[in-house]
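>>> sequence and predicted model, in that order:
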Amino acid sequence: MDTEILELEMFLPYRLNRLADAVSREFSKIYRDRHGLTRPEWRALAGLGQHGTMTATAIGEQSAMHKTKVSRAVAELERRKWLVRTQDPADRRVENLTLTKKGESVYRELVPMAKAYEQTLLARMSARERNDVASGIRAIEAALLK
């Protein structure tokens, strides 16, 4: 039987997934060590910090998280009094989520750390490699995230 073999270590989807997970795990040490945040909690906090007010659905769409992860993250941020829920006046079934002053403070503290982490990661590559990576990512995003 002549079957083709897939070299998993060279398969682009596998490599991208491993790389994204490794970067995410390394970066998570910053917000986990400082504030005990999980990845979903960080993503929800960062989304709200960037956009101001969002729904849980919008957070899930932006971060590509399943609604149950978003729900748990939102509940934990609310328990910590880092966000508040308000009913949407136009549609009472919708809850708008907004960071509290305490949540905004944590977000503002973590932003420079996130940017510094990104710079440290980029510094591991030459200028050409950074441009190549950015170009490749844009091409894949354009093809898949229409």
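Okay, I see it.
>>> remind me which residues of the protein are low pLDDT?
Per-residue confidence for the chain (pLDDT under 70) gives these ranges: 1-2.
>>> how about 80 then?
1-2, 146 (pLDDT under 80).
>>> contacts for the helix or strand encompassing residue 50?
Here residue 50, judged by DSSP states H and E, is contained in helix 39-51. Contacting residues not belonging to helix 39-51 are listed as 24, 28, 31, 37, 54, 58-59, 62-63, 65, 69-70, 72-74, 76-77, 82-83, 97-99, 103-104, 106-108, 110-111, 114 [C-beta atoms under 8 Å, 6 or more residues apart in numbering]. Placement of C-beta: from N, CA and C, glycine included.
>>> before we move on, what about stretch 133-142?
Contacts for stretch 133-142 (C-beta under 8 Å, 6+ apart): 16, 125.
>>> how much space separates the most centrally placed residue in the chain from residue 127?
Nearest residue to the geometric centre of the chain (C-alpha atoms, centre = their mean): residue 43, 4.1 Å. In this view, residue 43 and residue 127 are 29 Å apart by C-beta to C-beta, to the nearest Å.
>>> separate out the buried members of the contacts of helix 39-51.
31, 37, 54, 58-59, 62-63, 65, 69-70, 72-74, 76-77, 82-83, 97, 99, 103-104, 106-107, 110 (16 or more other C-beta atoms under 10 Å).
>>> which of those fall within helices?
31, 58-59, 62-63, 69-70, 72-74, 76-77, 103-104, 106-107, 110 (DSSP state H).
>>> can you get me a residue count around the closest residue to residue 23 other than its chain neighbours?
Spatially, and ignoring its direct neighbours in sequence, residue 23 is nearest to residue 121 (6.9 Å; C-beta to C-beta, 6 or more residues apart in numbering). When neighbours are counted by other C-beta atoms under 10 Å, residue 121 registers 13.
>>> the helix or strand hosting residue 121 to helix 39-51, inter-axis angle?
Applying DSSP H and E as the criterion places residue 121 in helix 101-122. On the basis of axes from the mean of the first three to the mean of the last three C-alpha atoms, to 10 degrees, helix 101-122 is oriented at 100 degrees to helix 39-51.
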